[in-house]
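> With the input below, show me the fold.
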Amino acid sequence: MRFVTFEVEGKARPGVLSGNDSVVDLSSAGFTSLLEFIASGEQGRTKARQLLEAAPEGAKRPLKSVRLLAPIPTPRKLICVGLNYLDHAKESGSEIPSVPTIFNKFATAVIAPGANIVLPKVSKAPDYEGEFAFVIGKGGRHIQPQDWAKHVFGYTIVNDVSARDFQRATTQWLMGKTFDTFAPMGPWIITADEIADPHSLDVKTEINGELLQNSNTRELIFKIPELISHLSSVFTLEPGDIVSTGTPAGVGFARRPQRWLRPGDDVVIKISEIGELRNPVVAET
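Predicted structure coming up:
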């Protein structure tokens, strides 16, 4: 199943896709947000299946009649992993990490599919990073690597937009990572049962039709089991937490000449079996 948050008449609603052209409103089953739905566990999924089968009057809408938002517009945690592809670590001039490099983005960075990435006036080095992300379903602390599948609700796409000049100004990356609009996400969360092997997915980023990143999640240095175990050894993972697993080689700062994001760019991230995330780029006014 593919779950979304969509907007109708100015109100955000959780939904589940029916085929490729319709969405069923989960508020019909009493859920006010996708975060609440994920936290409901198997009980919620059962209700979603029943809704899909019954499609009661008024619950089903044409997908083209609604506006998709980020699947979880205000996540409790948006956790990011740096230098997690071997080729990207090398192009960054960094040593191969022996433990995951972790940072976060604030919820104010999250934007919807199709929403504008706004290039801040104060940065001269805005960059793109196409990333595969997983969403926590069952929370916990001190989760063992072999138990990872019990804790993953599903998968989505994130663009870890980065202001390299701010990122590299100090040893802490946060300020370069969490400008407003710097976390496009979506278009949906596909449930874990729909993907046989999340570590065998093609990850591509195109700008204006030019292929700039082309890799596969098999190249991740730290895969989902290690990441869940490592993160939960420090803090509690909660339903709806999003972990963006890092970007492969091909980012703008490593190119010669360097290729920064520019107003008018059309950025598309494609991940096999999940879908594509498209966002235009504009200048801050």
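
> How about the secondary structure of the nearest residue to residue 13 once chain neighbours are set aside?
Leaving aside its chain neighbours, residue 13 sits nearest to residue 27 (5.0 Å; criterion: Cβ to Cβ, 6 or more residues apart in numbering). Glycine gets a C-beta too; all of them are placed from N, C-alpha and C. Each residue gets one of three states, and residue 27 gets helix by DSSP: H, G, I helix; E, B strand; the rest coil.

> now stretch 204-220, how far from the centre of its chain.
15 Å (Cα atoms, centre = their mean, to the nearest Å).

> Please disregard the earlier target; I meant stretch 57-76.
With Cα atoms, centre = their mean, you get 16 Å for stretch 57-76.

> Give the buried residues for it.
Of the residues in stretch 57-76, 59, 60, 61, 63, 66, 68, 69, 70, 71, 72, 73, 75 count as buried by neighbour count, 16 or more other Cβ atoms under 10 Å.

> on that earlier part again, can you tell me the number of residues neighbouring the residue nearest to residue 13?
For residue 27, the count of nearby residues is 16 (other Cβ atoms under 10 Å).

> Farthest pair within the buried residues of stretch 57-76?
60 and 75 (26.9 Å; Cβ to Cβ).

> so where do the helices sit in this structure?
34-39, 42-54, 86-91, 164-167, 174-177, 224-232 (DSSP state H).

> Could you look over the ones you listed and pick the most buried one?
Of all those, helix 34-39 carries the top mean neighbour count, a mean of 23, counting by mean count of other Cβ atoms under 10 Å.

> Show me what that helix is in contact with.
The list of residues contacting helix 34-39 from outside it, by Cβ atoms under 8 Å, 6 or more residues apart in numbering, reads 3-5, 14, 26, 31, 44, 48, 71-72, 74-76, 135, 137, 153, 189, 239-240.

> that older thread, now tell me which of the helices of the chain the model trusts least on average.
Lowest mean pLDDT of the helices of the chain: helix 86-91, a mean of 86.

> Read off the pLDDT value for the nearest residue to residue 107 once chain neighbours are set aside.
Counting by Cβ to Cβ, 6+ apart, residue 74 is the residue found nearest to residue 107 once chain neighbours are left out, at 4.4 Å. Residue 74 carries a pLDDT value of 98.

> Residue 74 against residue 110, yeah?
Yes. At 7.0 Å, residue 74 and residue 110 qualify as touching, with contact defined as Cβ atoms under 8 Å.

> The nearest residue to residue 18 once chain neighbours are set aside bridge partners, please.
For residue 18, ignoring the flanking residues on the chain, the nearest one in space by Cβ to Cβ, 6+ apart is residue 24 at 5.3 Å. Judged by DSSP bridges, the bridge partners of residue 24 are residue 16, residue 60.

> For the stretch 101-250 of the chain, which segments count as strands?
101-105, 110-111, 117-119, 126-127, 130-136, 152-159, 162-163, 183-191, 202-207, 210-216, 242-244 (DSSP state E, counting those that start in this stretch).

> Show me what the longest one is packed against.
Here strand 183-191 touches strand 2-8, strand 67-68, strand 110-111, strand 152-159, strand 275-283, going by 3 or more Cβ pairs under 8 Å, 6 or more residues apart in numbering; DSSP states H and E.

> quick one: strands adjacent to that strand?
strand 2-8 (antiparallel), strand 110-111 (parallel), strand 152-159 (antiparallel).

> What of the third one?
Sheet pairing for strand 117-119, assigned by DSSP bridges, gives strand 275-283 (parallel).

> ok, now the fourth one?
When pairs are called by DSSP bridges, strand 126-127 turns out to pair with strand 162-163 (antiparallel).

> Tell me which residues are up against the strand it pairs with.
120, 123, 125, 126, 127, 128, 129, 175, 176, 177, 179, 182.

> any low-confidence regions in the stretch 101-250 of the chain?
Scanning the stretch 101-250 of the chain for pLDDT under 70 picks out nothing.
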